[in-house]
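> Sequence plus predicted model, see below.
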Amino acid sequence: MLQAYQLTGGLLVELDLAEQPKRLGEADWVLMIAPTRAEWEQVQRICSLPLPDIREINELEASSHHVVHNQGFQVNCLFFHQLEGSPCNTNAALLFDGERFFSICSRELPHFRLLRVYNARGMRPLSNPMALLMALMDIKVNGLADEMEQAYRDLEQISRMVLGREEGELIQAVDGLALQEDLVGKVRLCLMDGQRDIRFIARQPSLSKRYRKQAEELLSDIETLLPHNSFLSEKADFLLNAAQGFINMEQNRIMKILSVVALVFLPPTLIAGIYGMNFAHMPELAWPWGYPLALGAMLLAGAGPYLVFKRKGWL
């Protein structure tokens, strides 16, 4: 999919490429989502930088993460988002050729949609293509902060479930903690990636003082968020260990009860086994009170261990 936008009075105006494909050259921002080969070649004709393909975008090696050209630069940037309810990081290529801003990704990301919505509402007026790039970085960092705030609230809810020690809730808590641990890890990776990307952008000589200051503010925000992310990771790990410990304690308690019950019934079973043997010469079989005496012996043999365990506090 190919979308093109022109900056008019600080607002993004979408160009109708279906009716007028030649207007692509008027665009200030070209957004490519899983582009076809024809779309890729169409954009390459107006871009002074070599456009990467999707496979190159997903490369995380340092040599391909940041690329500097005479006319501009390219940044392969991770964006955190929810994909069908699961946390996901998706790589996108952001290119600035001195005149236009280009973005290429394998799927539609909410960050690009938010940028357009904020701009349409007048919340983020954009003066030039570089402002687009910096606004997108700002949305990325703010989105990560929002995800961490939500993760903290989710962990607080899970904490109450773990400390409640209800068996069904403990199992549910373990599932929730595994999801939160995955989410926090992906957010941390995205924060570190954003820190590296913004530092790279801030080093570009074409960056004005205004955007350099904005980059410094974003780096300061990331440095504030990273320790909070570490705290969330430690909290999730602590709750996971606590939940597993409570589950093990509950299982041990059940096994202890089963072991005591088995031990209580072992002596009566032994007595019943002895008098259940089919030997012809067993003197007790001829006793008039043999049956009640055997039952009494089984009762005493079972009650004795139970009373001992009860007195020692094992039950």
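Cool, got the structure. Bear in mind the structure is a predicted one, so any value in this text is a computation, not a measurement.

> Touching, residue 42 and residue 23? I think so.
No - using C-beta atoms under 8 Å, residue 42 and residue 23 do not qualify as a contacting pair, with a distance of 11.7 Å. Backbone N, C-alpha and C define where each C-beta goes, glycine included.

> which SS class is the closest residue in space to residue 222 that isn't next to it in sequence?
In space, and not counting its chain neighbours, residue 222 is closest to residue 195: 4.8 Å by C-beta to C-beta, 6 or more residues apart in numbering. Under the three-state scheme (DSSP: H, G, I helix; E, B strand; the rest coil), residue 195 adopts helix.

> circling back: name the residues contacting each of residue 42 and residue 23.
The overlap between the contact sets of residue 42 and residue 23 (C-beta atoms under 8 Å, 6 or more residues apart in numbering) is empty.

> more crowded one of the two?
The neighbour count for residue 42 versus residue 23, taken as other C-beta atoms under 10 Å, is higher for residue 42 (17 against 13).

> List the buried residues in the strand or helix carrying the more buried one.
Per DSSP states H and E, residue 42 falls inside helix 37-44. For helix 37-44, burial by neighbour count (16 or more other C-beta atoms under 10 Å) applies to 39, 40, 42, 43.

> Which SSE is immediately downstream of that helix?
Note on helix 37-44: by DSSP H and E, the next helix or strand toward the C-terminus is helix 54-57.

> Show me what that next one is in contact with.
34, 64, 76, 91, 92, 93, 104, 105, 106.

> Most widely separated two among these?
Greatest spacing in those, by C-beta to C-beta: 34 and 64 (19.4 Å).

> thinking again about what came up before, how much space separates the residue nearest to residue 222 from residue 224?
Applying C-beta to C-beta, to the nearest Å, the value for residue 195 to residue 224 is 11 Å.

> Residue 101 now?
In this structure, residue 101 and residue 224 are 27 Å apart, going by C-beta to C-beta.

> who has more neighbours, the two?
Shown here are residue 101 and residue 224; by other C-beta under 10 Å, residue 101 has more neighbours (24 against 10).

> residue contacts, that one?
28, 29, 30, 94, 95, 129, 130, 132, 133.

> swap the cut-off to 7 Å and go again
Residue 101 makes contacts with 28, 29, 129, 132, 133, as judged by C-beta atoms under 7 Å, 6 or more residues apart in numbering.

> pLDDT score for it?
Here the pLDDT value assigned to residue 101 is 89.

> what bits of the stretch 51-200 of the chain have low per-residue confidence?
Across the stretch 51-200 of the chain, the ranges flagged by pLDDT under 70 are 58-64, 165-168.

> returning to what we had before: just confirm the residue nearest to residue 222 contacts residue 221, I think it does.
No - with contact defined as C-beta atoms under 7 Å, residue 195 does not count as touching residue 221 (9.9 Å).

> re earlier: just want to know which of residue 34 and residue 64 has more residues nearby.
Neighbours per residue (other C-beta under 10 Å) separate residue 34 from residue 64, with residue 64 holding more: 15 against 12.
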